[in-house]
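Asks: Pasting a predicted model and its sequence here:
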Amino acid sequence: MSVAGWGVVVEFVEFTRHIDLVQQVPTTSGLEPRLEKTLDLIGVLDRLLAEREFMCGQYSIADMAAFPWIARHEWQRIDLNDFPNAMRWYLAIAARPAVQKGYKVPDATAEIPMPAEVV
């Protein structure tokens, strides 16, 4: 799985959501296919993580590169509960002290977005 694919697709979703929510201009054109592609990518990640703890087996730069894109799950309207392996992976990375410390740069009050728990 290439992390490079995340950037183009998710960046478009981010931009479209910004126009939709922040500028309050409805933008249905072009958004849904990108959301579908983003869900497909998370599905690929979820299937990969069914076989291993981290993307390459051990925690690596691949996990570090993918984590920030997944951390935007709420903004992207993605429910990580639909992807149990990706959810487990996300929570494991979010619990790492170095990740928590890094997330607070440059905003010391920033908190890692946590997915809603399954009830």
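Replies: Sure thing, it's come through.
Asks: burial of Pro112, as a residue count?
Replies: Just to correct that, residue 112 is Ile rather than Pro. Using other Cβ atoms under 10 Å, Ile112 has 17 neighbouring residues. Quick note: C-beta positions are derived from backbone N, CA and C, even for glycine.
Asks: for it, what are its contacts?
Replies: Ala71, Ala94, Val99, Gln100, Tyr103 (Cβ atoms under 8 Å, 6 or more residues apart in numbering).
Asks: Please apply the same query to Ala92.
Replies: Glu53, Phe54.
Asks: returning to that earlier point: among the contacts of Ile112, give me the pair with the biggest separation.
Replies: For these, the farthest-apart pair by Cβ to Cβ is Ala71 and Gln100; their separation is 11.8 Å.
Asks: Show me the common contact partners of these two, please.
Replies: Ala94, Ile112.
Asks: coming back round to it: from the contacts of Ile112, list the buried ones, please.
Replies: Ala71, Ala94, Val99, Tyr103 (16 or more other Cβ atoms under 10 Å).
Asks: between those, which is nearest Glu111?
Replies: When the buried ones among the contacts of Ile112 are compared against Glu111 (criterion: Cβ to Cβ), the nearest one is Tyr103, at 7.4 Å.
Asks: Specify the next element, helix or strand, located C-terminal of the lowest-mean-pLDDT helix or strand in the chain.
Replies: For the chain, counting by mean pLDDT, DSSP states H and E, helix 4-17 ranks last in confidence among helices and strands (a mean of 58). Under the assignment DSSP states H and E, the closest C-terminal helix or strand after helix 4-17 is helix 31-49.
Asks: Dump that next one to CSV, keeping only the CA atoms.
Replies: In CSV, the C-alpha atoms belonging to helix 31-49 read as follows (Å, rounded to 0.1, in the frame of the first residue of the first chain):
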residue,chain,number,x,y,z
LEU,A,31,-17.0,15.4,-3.5
GLU,A,32,-18.7,12.0,-3.4
PRO,A,33,-16.3,10.2,-5.8
ARG,A,34,-13.4,11.5,-3.7
LEU,A,35,-15.1,10.4,-0.4
GLU,A,36,-15.7,7.0,-2.0
LYS,A,37,-12.0,6.8,-3.0
THR,A,38,-11.0,7.8,0.5
LEU,A,39,-13.2,5.1,2.0
ASP,A,40,-11.7,2.6,-0.5
LEU,A,41,-8.2,3.6,0.7
ILE,A,42,-9.1,3.2,4.4
GLY,A,43,-10.6,-0.2,3.4
VAL,A,44,-7.3,-1.2,1.9
LEU,A,45,-5.5,-0.1,5.1
ASP,A,46,-8.1,-2.0,7.2
ARG,A,47,-7.5,-5.2,5.3
LEU,A,48,-3.7,-4.8,5.5
LEU,A,49,-3.9,-4.2,9.2
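Asks: Sweet, I'm off.
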